[in-house]
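Novice: Sequence plus the predicted model coming up.
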Amino acid sequence: MKIMKSNRLFSLFLASTLSLCAFSQLPPLRHERRDVLEYTIPKGYKKYITSECFKGYPHLKSALHCTMTGLFSNDDEIIVIYYTPMFPTVEDSIRMTRFMQQMAPAVERMPVEKWKNTRYPDRNSIHRNTIRNNLGYTLRKSDIQKEDIEKHVTFFPPAYAKEVYNADSVATYYFWPSFEDKPYRGKYIGAQAIMAQKRDKGYFVVYCFYTEKAKENLDRYLKQLEGVVRFKE
């Protein structure tokens, strides 16, 4: 049994080491992705740059990890957090899938046949995972269905997406981990997420955290933040 356990631990160590090698070949992380995005600071807002890893808010941390850039409204009723992820190209997706196919029998004890048709989502589809992930935290569901998206996500017309965000698609939805039992920073009680996606450029999400007071005029605040991040031409 000890030998089998050692082999298992070695396999996991080998997998994690090789994973680092595989992912190290991805494009380097650029926090603000200024290669494809442009930012503006609307009137009535101020920029802040800080490392925000949601210490003390375990469910927000689990959902959003760490962020660095955003805005405060001058009245401090709104805080804006940008999520601008790097993502795999199609080639990265295929390479990572092949890597996992090779590792699956050793680490997951899963037949390769189960992986052979699997593909990691590429830059033109990975935004859907973020929507499902965010809704999962909000609705306390691990399996988000099409009906959940239709009920809780609003998609804007393509013309609006192009004009305001220079994007192919834009969607908005309420976000707040339902297990989080205290307001963020003592007063922010929820967030409205605005997601924009552009083919071959990826996607970004603007999370607008609001207070109880701001909730009454949320549409006005969201109007002020239209196009605060957009794709370059």
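Specialist: Now that the structure is in, tell me what you want to look at.
Novice: quick one, helices of the chain?
Specialist: 2-23, 58-64, 90-103, 127-139, 146-152, 158-165, 212-215, 218-224 (DSSP state H).
Novice: hey, least reliable of the ones you listed by pLDDT?
Specialist: Least confident of the helices of the chain, judged by mean pLDDT, is helix 2-23 with a mean of 43.
Novice: so residue 144 sits right up against residue 129, yeah?
Specialist: No - taking contacts as C-beta atoms under 8 Å, residue 144 lies outside contact range of residue 129: 9.9 Å. C-beta here means a position set from N, CA and C on the backbone, and glycine is covered the same way.
Novice: Now do the buried residues in stretch 195-210.
Specialist: Using 16 or more other C-beta atoms under 10 Å as the burial criterion, the residues of stretch 195-210 that qualify are 195-198, 201-210.
Novice: Pick out whichever of the residues you listed sits closest to residue 36.
Specialist: Set against residue 36, the nearest of these by C-beta to C-beta is residue 201 (4.9 Å).
Novice: hmm, back to that, among the buried residues of stretch 195-210, which ones are in strands?
Specialist: 195-198, 202-210 (DSSP state E).
Novice: Point out the least confident one among those.
Specialist: Scanning those for pLDDT, the low point is residue 202. It has 85.
Novice: For it, give its distance to residue 209.
Specialist: To residue 209, residue 202 is 23 Å away according to C-beta to C-beta, to the nearest Å.
Novice: Map the structural domains onto the sequence of this protein.
Specialist: 1-28+88-121, 31-87+123-231 (automatic domain parsing).
Novice: ok so, going back, residue 144 and residue 129 - which one has more neighbours?
Specialist: The neighbour comparison of residue 144 against residue 129 (other C-beta atoms under 10 Å) goes to residue 144, with 19 against 13.
Novice: residues contacting the more buried one?
Specialist: Contacts for residue 144 (C-beta atoms under 8 Å, 6 or more residues apart in numbering) come out as 131-132, 135-136.
Novice: Not counting its neighbours along the chain, what's nearest it?
Specialist: Of all residues beyond its chain neighbours, the one nearest residue 144 is residue 132 (4.3 Å), with distances taken as C-beta to C-beta, 6 or more residues apart in numbering.
Novice: How many residues are close by that neighbour?
Specialist: Applying other C-beta under 10 Å, we find 17 residues neighbouring residue 132.
Novice: Surely residue 204 touches residue 36?
Specialist: No - using C-beta under 8 Å, residue 204 makes no contact with residue 36, being 9.2 Å away.
Novice: pretty sure residue 175 is touching residue 192, no?
Specialist: Yes - between residue 175 and residue 192 there is a contact under C-beta under 8 Å: 7.2 Å.
Novice: Are there residues contacting both of the two? Which ones?
Specialist: Residues within reach of residue 175 and of residue 192 at once, by C-beta under 8 Å, 6+ apart, are residue 207.
Novice: Name the residues that touch stretch 53-66?
Specialist: 51-52, 81, 83, 133-134, 137, 175, 177, 179-180, 182, 184, 207.
Novice: top of those residues by neighbour count?
Specialist: Neighbour counts for those, by other C-beta under 10 Å, peak at residue 134, which reaches 26 neighbours.
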